[in-house]
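Enquirer: This is the structure alone, sequence omitted:
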């Protein structure tokens, strides 16, 4: 009888212990442990991050960070940290959270457009992925890579086609550059290369001209006509006389670097620079800015016409008036200069 009581007591202790252990496992693994009101939150785990870094990022999002740590140790997550962007959904338990941040790196959409230099592009991209601007600038400006792939410092910006792209947040500068080079090669397919050849330009020269067209007008509806003007001038050996190239040349000068030129003056046309298309015929050596793809297509599919001149339209800001003769152009230019004078724009 005595032994039966002992056996029953042992069984009871076992049941109690099992119940406590089950409750412990339940509370650690299966109880919802989020502490935010929105439906979802994200954490960004850096390359080479330690568990303490992850814990610090998660602490504001969780009710009980200690129970999370207990399970993270049991599941050996603390020694197997993965970099990336991870989703924490409202109501997740510790087990869900660990499964998410261990194996569900989510891609992001990055975008860029209208950057005026590789340095600007590096800064823009560094705000969207883990790679910092210094490393991006070093990689994007690497002279060995540029030379090996037919680029130069002047036209390196041509490789980066403005758009939205899917990347993992923890992408490196090299990963970004490699992907952009593939996108560039994909864009310049046989059809586009054939169109460029038909107008006597290389892919890089198309990009240079497109950068001028885009700086002249953001209006897609007239970009192909502007491109046609410049191609007419190139074909007939005329200087392009493009005001945006003059501004670009001016901004390279120390005293004008941080200025905004609203009106191109005769003194600007005297700046000695390969980008001064009033002084030198042909295309400048590189892009003056990153063109939208609409401007690239405008060059490749330029309007065939007999216009050689255009001037900003005072009555329709953002658009231009086109003319076939210098006398007609002078009338249009005079009207626009009068408009600038009325607005008090002197420089």
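Expert: In hand now; what should we look at? Being a predicted model, the structure only gives us computed values, none of them experimental.
Enquirer: How far off centre is stretch 40-51?
Expert: Taking the mean of its C-alpha atoms, stretch 40-51 sits 22 Å from the chain's own mean (C-alpha atoms, centre = their mean, to the nearest Å).
Enquirer: Would you mind measuring the gap between the ends of that stretch?
Expert: Terminal residues of stretch 40-51 lie 22 Å apart, using C-alpha to C-alpha, to the nearest Å.
Enquirer: buried sites along it?
Expert: 41, 43, 45, 49 (16 or more other C-beta atoms under 10 Å). For the C-beta atoms, the positions are set from N, CA and C on the backbone; glycine is no exception.
Enquirer: and the first one, that one's in a strand?
Expert: This points to residue 41. Yes - under DSSP: H, G, I helix; E, B strand; the rest coil, residue 41 sits within a strand.
Enquirer: Quickly check the buried residues of stretch 40-51 for the two that are furthest apart.
Expert: Using C-beta to C-beta, the pair of the buried residues of stretch 40-51 lying farthest apart is 41 and 49, separated by 17.3 Å.
Enquirer: tell me which of the buried residues of stretch 40-51 is nearest to residue 83?
Expert: Using C-beta to C-beta, residue 45 comes nearest to residue 83 of these, at 5.2 Å.
Enquirer: Need the pLDDT of that closest one.
Expert: Per-residue pLDDT puts residue 45 at 95.
Enquirer: What does the pLDDT read for the closest residue in space to it that isn't next to it in sequence?
Expert: Among residues not flanking residue 45 along the chain, residue 83 sits closest, at 5.2 Å (C-beta to C-beta, 6 or more residues apart in numbering). Looking at residue 83, its pLDDT reads 96.
Enquirer: Roughly how far does residue 83 sit from residue 50?
Expert: Going from residue 83 to residue 50 by C-beta to C-beta, to the nearest Å gives 12 Å.
Enquirer: tell me the domain ranges of the chain?
Expert: The record's domain parsing of the chain by automatic domain parsing lists 1-27, 31-103, 113-187, 190-343.
Enquirer: Which of the ones you listed comes out lowest on mean pLDDT?
Expert: domain 1-27 (a mean of 48).
Enquirer: thinking again about what came up before, enumerate every residue touching the residue nearest to residue 45.
Expert: Residues near residue 83 by C-beta atoms under 8 Å, 6 or more residues apart in numbering: 45, 46, 47, 48, 49, 105, 130, 170.
Enquirer: State the number of residues packed around residue 341.
Expert: Using other C-beta atoms under 10 Å, residue 341 has 11 neighbouring residues.
Enquirer: Check for me that it belongs to a strand.
Expert: No - assigned with three-state DSSP, residue 341 falls outside any strand and is helix.
Enquirer: Offset the numbering so it begins at 295, please.
Expert: Renumbered: residue one is now 295, and that last one reads residue 635.
Enquirer: check contacts around the most centrally placed residue in the chain.
Expert: With the centre of the chain defined as its mean C-alpha position, the nearest residue by C-alpha atoms, centre = their mean is residue 406, 2.7 Å away. Residues near residue 406 by C-beta under 8 Å, 6+ apart: 415, 418, 419, 454, 456, 584.
Enquirer: circling back: need the max-distance pair from the contacts of residue 377.
Expert: Based on C-beta to C-beta, the longest span within these runs between 342 and 399 and measures 15.2 Å.
Enquirer: on that earlier part again, filter the contacts of residue 406 down to just the ones in helices.
Expert: 415, 418, 419 (DSSP state H).
Enquirer: how far away is the second one from residue 394?
Expert: As defined by C-beta to C-beta, residue 418 lies at a distance of 29 Å from residue 394.
Enquirer: Likewise for the last one?
Expert: When distances are taken as C-beta to C-beta, residue 419 and residue 394 turn out to be 26 Å apart.
Enquirer: neighbour-wise, which of the two wins?
Expert: With neighbours defined as other C-beta under 10 Å, residue 419 and residue 394 compare such that residue 419 has more, 26 against 17.
Enquirer: all helices for the protein, in order.
Expert: Here the chain has its helices, by DSSP H, at 296-319, 345-352, 359-368, 388-397, 412-420, 427-434, 437-442, 467-481, 484-492, 497-510, 514-529, 537-545, 587-594, 620-637.
Enquirer: With respect to residue 555, which of these lies nearest?
Expert: Of all these, it is helix 537-545 that lies closest to residue 555, at 5.0 Å by C-beta to C-beta.
Enquirer: how far off helix 497-510 does that closest one point, in degrees?
Expert: Orientation check (axes from the mean of the first three to the mean of the last three C-alpha atoms, to 10 degrees): helix 537-545 against helix 497-510 gives 90 degrees.
Enquirer: Quick one: list the elements packing against helix 537-545.
Expert: For helix 537-545, the elements it packs on are helix 497-510, judged by 3 or more C-beta pairs under 8 Å, 6 or more residues apart in numbering; DSSP states H and E.
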